[in-house]
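**Q** just the structure for this:
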Amino acid sequence: MHKFLPKFAYLLATSVGVGLSPTWPGTAGAMVGVAVAAALIPASPWLTVLAYAALFAVGVWASSHVIFHTGTEDPQIVVIDETFGAAVTLSMLPLDPLWWATGFLAFRFFDVVKPWPIRIMHDKVRGGAGIMLDDAAAAVVAGALLLLLNELIDHLP
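**A** Alright, predicted model coming up:
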């Protein structure tokens, strides 16, 4: 069993291997998040929240495992955080291809640029929790700003 867990952790942390992509692994991981959000469309809000809580917890565990075994604080192959963040962002938005494309781009922008307050999570929290929290913060910021934009658009004459 002890040989299974490290491989399973790597499989999860790399979002089923897409984190091994030689180009843009974070974007590839976020694309997996699109599939996760799409799969959760028919789920109830409570089940969706439970699924994201489980994904977050699994992400912390798997990321921590890869950090320990690589000796790297934020291994580039770990993309479960991008998967989680993109999925959460999209789940907050209207079910519309334009909103989802915008949400995907907004999440990636905030994930890469890491403005305040996202930067605090990235700089202050270490380990698997830190890897997951900065993407959770990027998802909340991207989703909240796009929901505000949606409200403004809805109130235009």
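**Q** residues near His155, how many?
**A** 7 (other CB atoms under 10 Å). Using the backbone N, CA and C atoms, a C-beta is placed for each residue, glycine as well.
**Q** measure it to Asp123 for me?
**A** 37 Å (CB to CB, to the nearest Å).
**Q** before we move on, what about Pro45?
**A** Going from Pro45 to Asp123 by CB to CB gives 32 Å.
**Q** looking at the chain, which helix or strand is least sure?
**A** Least confident helix or strand, the chain: helix 118-124 with a mean of 88, by mean pLDDT, DSSP states H and E.
**Q** buried residues, the helix or strand following that one. List them.
**A** Moving toward the C-terminus from helix 118-124, the next helix or strand (DSSP states H and E) is helix 127-154. Buried positions in helix 127-154, judged by neighbour count with 16 or more other CB atoms under 10 Å: 128-143, 146, 150.
**Q** state the mean pLDDT of helix 127-154.
**A** Helix 127-154 comes out with an average pLDDT of 96.
**Q** and the strand or helix carrying Leu50, what does it pack onto?
**A** Secondary structure assignment for Leu50, by DSSP H and E: helix 45-70. If you count contacts as 3 or more CB pairs under 8 Å, 6 or more residues apart in numbering; DSSP states H and E, helix 45-70 packs onto helix 4-13, helix 80-91, helix 127-154.
**Q** show me the shaky parts of this structure.
**A** Residues of the chain that meet the criterion pLDDT under 70 lie in 1.
**Q** mind redoing it with 80?
**A** 1-2 (pLDDT under 80).
**Q** what about Cys111, neighbour count?
**A** Just so we're on the same page, residue 111 is Asp rather than Cys. For Asp111, the number of neighbouring residues by other CB under 10 Å comes to 26.
**Q** in the least confident helix or strand of the chain, what's buried?
**A** In terms of neighbour count (16+ other CB under 10 Å), helix 118-124 has its buried residues at Ile118, Met121, His122.
**Q** now stretch 60-71
**A** Buried, per 16+ other CB under 10 Å, within stretch 60-71: Val60, Trp61, Ala62, Ser63, Ser64, His65, Val66, Ile67.
**Q** what are the contacting residues of stretch 20-34?
**A** 14-16, 18-19, 76-77, 79-90, 100, 104, 107-108, 111-112 (CB atoms under 8 Å, 6 or more residues apart in numbering).
**Q** kind regards, and thank you for your time.
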